[in-house]
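Participant: predicted model, plus sequence, below.
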Amino acid sequence: WEQRQDKVMVAEMTMLLVVAMMVGMGKAKICWQECGDQAVIQDADIIGCHRRSSYPYKQNFRCDGTVGPPCTVERGDTVMLDVAWNNPGIANMTQSTVWVTGSWGVELPWIGMETEGCQFLDDGVGCRPDAKARLSKFEFPIDIQEIYPTGKYDLKWKFWSRSETGEEKEVACFLFTIKIV
């Protein structure tokens, strides 16, 4: 009877370990880095990435800033950019996304991206006239349009604070790579 209990316990522990490993592998972390040394971005992820450079197979990977396998997406996908960042207290937010291309770092706008950011900040309630500095969550759906050509793209994502006069000031910037297949 004791041997049977030991076998059942080992089987249960093995199943628990397998489930824990599968949950860990399902987390979609991207390789990213801030544009400067602001230390504003705490974490960035794209939920819905296919498994990086080895897609459709699963593979563990390591990042060193933006160096590492890119987030792989397919045309027609909608993935979710999920950013935790130190919000300085934005009352009105915009955003911009550019593709950094060539050895000179020419920046081309990534067409089709919404530029108003308030609806994506802290579940749509992040922009307030009395906003205080805090850790915020920015969740933005990225529609990978059918017109986007396949390829690997180094992207620069910026958050801007817009004053009452319409003047914009950059408050955060980060880089990551996406591969469209």
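Facilitator: Ah, there it is.
Participant: quick check: bridge partners of the residue nearest the centre of the chain?
Facilitator: Compute the mean C-alpha point of the chain, and by C-alpha atoms, centre = their mean the closest residue is residue 45, 2.8 Å away. Beta-bridge partners of residue 45, counted by DSSP bridges, are residue 29, residue 82.
Participant: just residue 121 next, same as before
Facilitator: Beta-bridge partners for residue 121, by DSSP bridges, are residue 138.
Participant: can you get me a residue count around it?
Facilitator: The burial count assigned to residue 121 is 24, neighbours taken as other C-beta atoms under 10 Å. Yep, even glycine has a C-beta here, placed from its N, CA and C like the rest.
Participant: where's residue 175, which helix or strand?
Facilitator: Element membership for residue 175 (DSSP states H and E) is strand 168-180.
Participant: per-residue confidence at residue 154?
Facilitator: With respect to pLDDT, residue 154 scores 93.
Participant: can you pull the contacts of it?
Facilitator: With contacts defined as C-beta atoms under 8 Å, 6 or more residues apart in numbering, residue 154 is in contact with 66, 99, 100, 101, 175, 176, 177.
Participant: the residue nearest to the centre of the chain reaches residue 79, doesn't it?
Facilitator: No: the pair residue 45 / residue 79 is not scored as a contact, 9.9 Å apart, by C-beta atoms under 8 Å.
Participant: right, and the helix or strand after the helix-or-strand element of the chain with minimal mean pLDDT?
Facilitator: The weakest-scoring helix or strand in the chain, judged by mean pLDDT, DSSP states H and E, is helix 2-26 (a mean of 41). Using DSSP H and E, the helix or strand that follows helix 2-26 in sequence is strand 32-34.
Participant: who are the packing partners of that next one?
Facilitator: Packed against strand 32-34 by the contact rule (3 or more C-beta pairs under 8 Å, 6 or more residues apart in numbering; DSSP states H and E) you find strand 41-47, strand 168-180.
Participant: as a markdown table, those strands with mean pLDDT and distance to residue 144 would be great.
Facilitator: Below are the helices and strands packed on strand 32-34 laid out as a markdown table (pLDDT from 0 to 100; distance: least, C-beta to C-beta, whole Å):
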| stretch | mean pLDDT | distance to residue 144 |
| --- | --- | --- |
| strand 41-47 | 94 | 11 |
| strand 168-180 | 94 | 6 |
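Participant: looking at those strands, which is closest to residue 121?
Facilitator: Closest of the helices and strands packed on strand 32-34 to residue 121 is strand 168-180, at 11.5 Å (criterion: C-beta to C-beta).
Participant: just to revisit the earlier point, how about TSV for the helices and strands packed on strand 32-34, with distance to residue 114 added?
Facilitator: Listed next are these as TSV, based on distance: least, C-beta to C-beta, whole Å:
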stretch	distance to residue 114
strand 41-47	16
strand 168-180	15
